[in-house]
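J.: Fold the following.
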Amino acid sequence: MADAGIRHITLTRAGANGLALDPASGLVYVVINGATSPWCSDVGNIAPGLAIVDPRAGREVRLVNTGEGPVWPLVDPRRNKVFVASSGGAGTVAVHDPATGALERSFVLGGRPHDLGLDPSGSNMLVSNTFDRSQTFVSLVNVDTGAVATPIAVAELPHKVVVDERGRIGYAVSLGSGRITSVDLASGARLREYSSGPIPQTSAMAYSPSRRRLYVGKTGGSTPSSGTTIVAVDVDSGSIVGEVGTFTPGSPIATRPRVGFGLDDANGLLYSAMGNTNLVAVVDIAAMRPLAVFEVDACPWAVALDVARGVGYVSNNQAAALTVFDLAKVRQAVGR
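T.: Down below sits the predicted model:
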């Protein structure tokens, strides 16, 4: 892509994992995990933390301590909190003040919390737990009281969590099998299970409210056309209704949609961090075809879109930088 309006905001540390944005303030929260990804060139361990970035000022405003082994953050504008899933130690979810970054409390869940999904009108948070194949459950925690419900059984290695806010349903995808489990966030009831196809290594997922589809990254292959795909799953029928792959035609590198997606639902565009390259891929989710790639920084991990402000963000695991790109320029480049 000729011009995605790329700029970079310097962070204190590399080792970024997930990120989330506050739709009201525009602040971006970047989790510094404390380790760099082995599928890129591993550069060693880095002290973990939570970076708070003000994109308008173009700088990191704070770097604060959080739980051990942090992975994904979640912003709760209703309670004015930032939650961080912390996969190390006792297995906690850390609760931060969004302005100061102050650590206010921690919920102890056990397991290895990886990702979070919050009931938009209730108090329950769905937490995926993963470390090894013994982790076969997700947890439900009441974020107002701290009460942890009985774990909900799922397929091994649950990773990404997404939420259907209108239906108050959470979806967790399991890395080991690609199975997706849906949970009623109000009651905690396990609803149903979906297949995303036979290829394992599934950790990226996004939900389209307008299409009622889950978009799931599959990274089990070793070539651009072997298991390196994004599949679309219809949540009503449970059927796989689309698939797209080979994001860089002619390249010998298997570009893998490994961890982070950003979805521009109104324009039908999915942005996928290709973690073993320095690229983000842009996918047409109506036609299920790749449109373009653009370069960000070393080992992109997650994507977040601020559609209202017209910008996107990419965390880069092996660069001490948050990448910012221009959504309008991307849309123009791909004919949207």
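J.: which strand residues sit across from residue 190 in the sheet?
T.: Going by DSSP bridges, residue 190 is paired in beta bridges with residue 183.
J.: oh sorry, the question was meant for residue 322
T.: Following DSSP bridges, residue 322 is listed with bridge partners residue 9, residue 315.
J.: contacting residues around it?
T.: Listed by CB atoms under 8 Å, 6 or more residues apart in numbering, the contact set of residue 322 reads 8-9, 11, 16, 19, 28, 30, 51, 53, 60, 313-316. For glycine as for every other residue, the C-beta is placed from the backbone atoms N, C-alpha and C.
J.: Helices of the protein, residue ranges please.
T.: Secondary structure of the chain, counting by DSSP state H: helices at 327-333.
J.: before we move on, the earlier item: any chance of the contacts of residue 322 in CSV, with pLDDT and distance to residue 111 too?
T.: Formatted as CSV, the contacts of residue 322 follow (pLDDT from 0 to 100; distance: CB to CB, whole Å):
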residue, pLDDT, distance to residue 111
8, 98, 35
9, 99, 33
11, 98, 28
16, 93, 23
19, 97, 23
28, 99, 27
30, 98, 24
51, 98, 25
53, 99, 29
60, 99, 30
313, 99, 28
314, 98, 28
315, 97, 24
316, 95, 28
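J.: from these, which is closest to residue 232?
T.: Nearest to residue 232 out of these is residue 314 (CB to CB; 22.6 Å).
J.: residues in contact with that closest one?
T.: If you count contacts by CB under 8 Å, 6+ apart, then residue 314 has 260, 273, 280, 296-297, 300-303, 322-323, 325 around it.
J.: let's see it at 10 Å
T.: If you count contacts by CB atoms under 10 Å, 6 or more residues apart in numbering, residue 314 has them with 6, 8, 16, 19, 260, 262, 271, 273, 278, 280, 294, 296-297, 300-304, 321-325.
J.: count of neighbours near the residue lying closest to residue 127 once chain neighbours are set aside?
T.: Counting by CB to CB, 6 or more residues apart in numbering, residue 127 lies nearest to residue 139, which is 4.4 Å off, once chain neighbours are set aside. In terms of burial, residue 139 registers 23 neighbours under the definition other CB atoms under 10 Å.
J.: Check what pLDDT the spatially closest residue to residue 164 that is not a sequence neighbour gets.
T.: On the basis of CB to CB, 6+ apart, the spatially nearest residue to residue 164 that is not a chain neighbour turns out to be residue 207, at 5.9 Å. According to the predicted model, the pLDDT of residue 207 comes to 98.
J.: if I look at residue 207, how far off is residue 184?
T.: Using CB to CB, to the nearest Å, we find residue 207 at a distance of 15 Å from residue 184.
J.: Tell me who's in contact with the spatially most central residue of the chain.
T.: By CA atoms, centre = their mean, the chain has its centre lying nearest to residue 260, at 4.3 Å. In this structure, residue 260 makes contact with 17-19, 72, 160, 203-206, 217, 271-275, 280, 300-304, 314-315, judged by CB under 10 Å, 6+ apart.
J.: Mark which of those are buried, thanks.
T.: Those of the contacts of residue 260 that meet the buried threshold are 17-19, 72, 160, 203-206, 217, 271-275, 280, 300-304, 314-315, by 16 or more other CB atoms under 10 Å.
J.: can you pull out the strands in the stretch 151-300 of the chain?
T.: In the stretch 151-300 of the chain, the segments counted as strands under DSSP state E, counting those that start in this stretch are 152-153, 158-164, 169-174, 179-184, 190-195, 205-208, 213-223, 226-234, 240-245, 257-264, 269-274, 279-284, 289-295, 300-306.
J.: Could you tell me the least trusted of those?
T.: Within those, the least confident segment by mean pLDDT turns out to be strand 213-223, at a mean of 76.
J.: related to what we said a few turns ago, neighbours around the residue nearest to residue 164, how many?
T.: The burial metric for residue 207, expressed as a neighbour count using other CB under 10 Å, is 23.
J.: who touches it in this structure?
T.: Under the criterion of CB under 10 Å, 6+ apart, the neighbours of residue 207 are 117, 161-165, 169-171, 213-215, 233, 235, 261, 263, 265.
J.: of these, buried ones?
T.: Here, 16+ other CB under 10 Å leaves 117, 161-164, 169-171, 213-215, 233, 235, 261, 263, 265 buried among these.
J.: Quick check: of the residues you listed, which lies closest to residue 197?
T.: If you rank the buried ones among the contacts of residue 207 by distance to residue 197 using CB to CB, residue 233 comes first, at 8.7 Å.
J.: pretty sure that closest one contacts residue 216?
T.: Yes: under the criterion of CB atoms under 10 Å, residue 233 lies in contact with residue 216, with a separation of 6.3 Å.
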